[in-house]
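>>> Sequence first, then the predicted structure:
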Amino acid sequence: VYSGVDDGEFRKAFQEAGVRARAHSRKQLGGRVAAFQSLSRDVLKQSPDIIHTHLLSSDLSGFFFAKNKKWKGNWISTLHNVEDSTPWWRRALWKRILPTADRIITVSKAVQDYAIDQFDLSETQTSLIYNGIPLAPWTKHGSVRLLKKELSLAIIGRLDTQKGHRYLFEALSLVRDLPWTLHIYGSGSLEPKLEI
C-alpha cells in the first residue's frame, strides 16, 4: 500500500487485517522525488504482480514502473472524473501515459466515454466498474417514513461541472411531499451561479 501525499488513512486497518502497508509520503520524505525513489526501491524489491494507481502523480509512477524492464507486473489505473476542468498539460500527460497501462478502470459510463475519446484509449483497454455503497443500512427499515419535519441536507465538494451538482438539484426538484433545505459547501467555477 502506497500513499504519495501523506500516510494512508486505512493503513492501520490494513495492518490489523494482516496486510503489510507502508506509506511513502512526500510530506515525510521531503518531496515527490524522494517519495518516488523510496517507492521505487520497494517496488523493485517486492516486485508486486499488480500496481494500482489513481490521480496523475501516482499514474506517472505506474507509467515509469511499467516501462522498467526489472518489473514484470501489471499496471492498472482508475479514473473517477471527466477531467474537462483540469489544466491542459495534465490532460496531455494522461493522454501520453494512460494508453500504456494494462487496464483503465472507469467508475461511470460518462468517464469511460471521456477516457476513450480524450486519452485515445480503446474500449477493450477500459473496464467500467461503478462505485458502490452498502445499501443494507438504508433499506433495513423498508419504506417506513422516518422523517416528520423538514429534511436538512448538505453537499460537500468542489463546485465544478464534473461533480454533478445539477443531478442533485434535478432529483430534489422531484421531492414534493417533504420540505427540505440544501446546504452547499465548497468552491469552484460554479460558485457565482450558486450564490443567492
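Here it is on my side, so go on. Just so it is clear, the structure is predicted and the values come from calculations on it, not from any experiment. Numbers count the residues shown, from 1 in each chain.
>>> quick one: the one helix or strand Lys45 maps to to chain centroid distance?
Using DSSP states H and E, Lys45 falls within helix 32-46. Put simply, helix 32-46 sits 22 Å off its chain's centre (Cα atoms, centre = their mean, to the nearest Å).
>>> Packing partners of the next helix or strand after it?
Downstream of helix 32-46, the next assigned helix or strand under DSSP H and E is strand 50-54. Identification of packing neighbours for strand 50-54 by 3 or more Cβ pairs under 8 Å, 6 or more residues apart in numbering; DSSP states H and E yields helix 56-67, strand 74-79. The way it works is simple: take the backbone N, C-alpha and C, and place the C-beta from them, glycine included.
>>> Please name every helix or strand in contact with the first one.
So the one you mean is helix 56-67. Counting contacts by 3+ Cβ pairs under 8 Å, 6+ apart, helix 56-67 packs against helix 32-46, strand 50-54, strand 74-79, helix 88-97.
>>> residues near His80, how many?
14 (other Cβ atoms under 10 Å).
>>> on that earlier part again, quick check: mean pLDDT of the helix holding Lys45?
Averaged over helix 32-46, pLDDT sits at 87.
>>> go on, stretch 117-127?
In this model, stretch 117-127 has an average pLDDT of 94.
>>> Give me the distance from that stretch to the chain's centre.
17 Å.
>>> list the buried ones in that stretch?
119, 121, 125-126 (16 or more other Cβ atoms under 10 Å).
>>> Between these, which sits nearest Ile104?
Thr126 (4.8 Å; Cβ to Cβ).
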